[in-house]
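>>> Here is a sequence with its predicted model. Questions after.
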Amino acid sequence: MERTVLNYAPDYWNTSYTDLQVQFDLRSHSEEYKRIAQEVKQATASPHLQISFIRRNQNIHDYGQVLIREQLVTVSEGANYYRVRRYITILKHYLNCALDYNLDPRRCGKSSLIFQKYISRPTFNEIILVVQVITDRPGAVSIQPTNSSEYFIDYIVGIKI
């Protein structure tokens with residue numbers, strides 16, 4: 001199953017890894033790092049935001065669930081669906097739970113999940129998660145998924161305060 005999911009993985013994923021979940025620290029001079037850093041700075045409206053690290057999260061299971069859900073909603077609902085990048089902050093001490101349980105709000109100190117196009121600057125004890133979410137409203141500022149198969153954590157971004 002892992003190989004099948006990896007056949008449809010984003011082009012920036014390292015598909016030589018078949019572990020169900022792995023994180024890669026991005027090098028600050030890489031194009032991928034620069035692109036995500038710029039997007040986060042725009043999302044926080046903080047052009048001078050100091051980023052301490054960006055990690056790519058490759059979770060084959062969560063990504064596979066999104067692929068299946070994309071196909072299901074496209075076929076059953078007949079509408080156009082898009083995968084867009086949105087942001088959410090969580091407390092740092094919930095990071096491992098967020099990664100292990102795909103941001104299950106019950107385990108991550110959230111009453112619900114709402115992914116935002118724009119977020120406020122994180123505090124010293126928060127971390128930014130960059131997610132890809134399925135939606136029929138790609139321009140929406142806020143997206144509240146109905147279940148965890150509609151999104152996956154793409155990047156983890158640490159901020160210097």
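Arrived safely. Numbering: from 1, shown residues only.

>>> contacting residues around the spatially most central residue of the chain?
By C-alpha atoms, centre = their mean, the chain has its centre lying nearest to residue 131, at 1.8 Å. Taking C-beta atoms under 8 Å, 6 or more residues apart in numbering as the contact definition, residue 131 lies against 85, 86, 87, 88, 103, 115, 151, 152, 153, 154. (C-beta placed from N, C-alpha, C; glycine too.)

>>> Give the bridge partners for it, please.
residue 86, residue 153 (DSSP bridges).

>>> pLDDT at it, what is it?
On the pLDDT scale, residue 131 is placed at 98.

>>> Equivalent analysis for residue 10, please.
At residue 10 the predicted local confidence, pLDDT, stands at 87.

>>> in what helix or strand does it lie?
In the assignment (DSSP states H and E), residue 10 maps to no helix and no strand.

>>> burial of residue 84, as a residue count?
Neighbour count of residue 84, defined by other C-beta atoms under 10 Å: 18.

>>> mind checking how far residue 81 is from residue 150?
Here residue 81 is placed at a distance of 9 Å from residue 150 (C-beta to C-beta, to the nearest Å).

>>> Residues that sit against both of these two, list them.
Taking C-beta under 8 Å, 6+ apart as the contact criterion, the common neighbours of residue 81 and residue 150 are 134, 135.

>>> okay, those two: which has more neighbours?
Neighbours were tallied for residue 81 and for residue 150 using other C-beta under 10 Å; the higher tally belongs to residue 150 (23 against 18).

>>> On the three-state scheme, the nearest residue to the more buried one once chain neighbours are set aside is what?
Spatial nearest neighbour of residue 150, excluding adjacent residues (C-beta to C-beta, 6 or more residues apart in numbering): residue 134 at 4.7 Å. For residue 134, the reduced secondary structure class is strand; criterion used: DSSP: H, G, I helix; E, B strand; the rest coil.

>>> so residue 12 sits right up against residue 56, yeah?
Yes. With the criterion set as C-beta atoms under 8 Å, residue 12 and residue 56 qualify as a contacting pair; they are 7.2 Å apart.
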